Structure formats: structure tokens, C-alpha cells
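Any chance you could fold what I've pasted below:
(chains A and B)
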Amino acid sequence: SQTIHQWPATLVQPVGSPLSLECTVEGTSNPNLYWYRQAAGRGLQLLFYSVGIGQISSEVPQNLSASRPQDRQFILSSKKLLLSDSGFYLCAWTRVSDSPLHFGNGTRLTVT
Amino acid sequence: GQNIDQPTEMTATEGAIVQINCTYQTSGFNGLFWYQQHAGEAPTFLSYNVLDGLEEKGRFSSFLSRSKGYSYLLLKELQMKDSASYLCAVMGNAGNMLTFGGGTRLMVKP
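Below is the predicted model of the structure:
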């Protein structure tokens, strides 16, 4: 069966510090991968998605970036965090476009 | 563009039935999904509709009308554990992207 791992679960970082969140999927090949962000009490905002290694599409201009160095690995990064980057970050995968997204457990990021 | 609307909050009584509505205006349509999200947790998949009509899964049912841009999630025999946010999401023309509504926070009271 397929599983998705996302870490860390919680993170507290000062403004201006770098960020790296990692997500890996097991049990499938060539998944579509996604990064979403959820502000407190709000809906999910799509940040990036990837349909293959090295293929990244960005939905919202911001100081975040994403990379997919391996087929089942998706990384969210920032060189300098802003206070507005605080939120609940969720990695998700799907096998084909009309299949449901399956989410990782999320990372709660607090920028102080 | 994509626009998905659902009520912000609803309250219902344990054992009752509740209907959560979702209306959407999107660039194309390739399916509508409902997710459940408990506080502090990741969303979990509940249902998928791509054709008009009702899909039933135990206590949960989801309905779709593509001509009206409308869906609802029906929860029967409510339990306290059903207190959660319910997210409506639409797959538009870009088949790899799912756009979410703001979610409906459901509170089930004894």
C-alpha cells in the first residue's frame, strides 16, 4: 500500500531563517506531488505541484520554492522566512489526475 | 478562475441529519471531492463525484449537479466524532490541480 511521510511535524523558526520541509511517498511510482498551505481557520491554498522529476509548477508567487530531486521526494524551501509564512503545510500525492489527493500529516510552521 | 463557496460554520444535533452545500464556478470540471479535516490534522478523503447524482457511502452521501455547479454532502445519524471541517474541492481543466473551498466547520452537539 502507498504511504506518504512528511516531516517535521512542528517547527518554530525566526524571521529571516531558511526553511526545508521534506515529503516522500512510498509504494507507488511517478506520483503527482503537491504542496498546500493552510492558514489558521482557512482553506487550503495550492503552492506547488509536480508531475515528474524536476518539473515544478508554482501557483502563488512568494518567497517559497519547491524541488523534486527524486521521483518520490518533494521538498519545500525558503531562503528567508517571513511572519506571513506561518501556517499548516501539507504535502499530498495522487496517482492520476482524477484520483483523490492523499495528504501527509502536515507540518505546523510558526515563524516568530 | 476558480470560485468555490460553502458555509463557514454549521451546528447540528447528535443523531440528526445535516446537509453541507457547495457551489462552484470553475474553468472546466473534472470532478468534485469532499474531505473531512479534524482540528490540527490533515484532510482525509470522503467522496468523489464526476457524474450527476448521488453517491452513498455508509452514513455519508454526496450529490452533484454539474449544470447548477452545485454539490452537497449529507451526513446521517450524526455522531460527536463528526465534528470537523468539511472541505469541498474541484478538479478543473488543469487535471492535476485541485482547488479547495474555505471549508465548513461542523459542530455536533449532544
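
Any buried residues in the helix or strand of chain A with the lowest mean pLDDT, and which?
In chain A, the helix or strand scored least confidently by mean pLDDT, DSSP states H and E is strand A:55-58, which has a mean of 89. Neighbour counts over strand A:55-58 (16 or more other C-beta atoms under 10 Å in any protein chain shown) mark residue A:56 as buried. Glycine gets a C-beta too; all of them are placed from N, C-alpha and C.

Same question for stretch B:12-21.
Buried residues in stretch B:12-21, counted by 16+ other C-beta under 10 Å: B:12, B:18, B:20.

quick one, strands of chain A?
Using DSSP state E, the strands found in chain A span residues A:3-7, A:10-13, A:19-26, A:32-38, A:44-52, A:55-58, A:64-70, A:73-78, A:87-94, A:102-103, A:107-111.

Ok, which of the ones you listed comes nearest residue B:61?
Taking C-beta to C-beta, strand A:102-103 is the member of the strands of chain A nearest to residue B:61, at 21.9 Å.

residue contacts, residue 12?
Reading this off chain A. Neighbour list for residue A:12: A:109, A:110, A:112 [criterion: C-beta atoms under 8 Å, 6 or more residues apart in numbering or on different chains].

hm, I was asking about chain B
Neighbour list for residue B:12: B:18, B:75, B:78, B:106, B:107, B:108, B:109 [criterion: C-beta under 8 Å, 6+ apart].

Tabulate those residues in CSV, adding columns for secondary structure and distance to residue A:51.
As requested, those are arranged in CSV below (DSSP: H, G, I helix; E, B strand; the rest coil; distance: C-beta to C-beta, whole Å):
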residue, secondary structure, distance to residue A:51
B:18, strand, 37
B:75, strand, 34
B:78, coil, 39
B:106, strand, 34
B:107, strand, 39
B:108, strand, 39
B:109, strand, 44
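
In PyMOL, how would I select just the buried ones from those residues?
Buried members of the contacts of residue B:12, defined by 16+ other C-beta under 10 Å, are picked up in PyMOL with:
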select buried, chain B and resi 18+75+78+106+108
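
of all the contacts of residue B:12, which two lie farthest apart?
Taking C-beta to C-beta, no two of the contacts of residue B:12 sit farther apart than B:75 and B:109, at 14.0 Å.

Up against chain B, what does chain A have?
Within chain A, the positions lying close to chain B (C-beta under 8 Å from any C-beta of the partner chain) are A:32, A:34, A:36, A:42-46, A:49, A:51, A:59, A:90, A:97-98, A:100-106, A:108.

Bridge partners for residue B:12, pull those for me.
When assigned by DSSP bridges, residue B:12 has beta-bridge partners residue B:108.

got a pLDDT number for residue B:98?
Note for residue B:98: predicted pLDDT of 85.

I should have written residue A:28 there, sorry.
88.

swap in residue B:3?
89.

Repeat that for residue A:61.
If you check residue A:61, the pLDDT there is 65.
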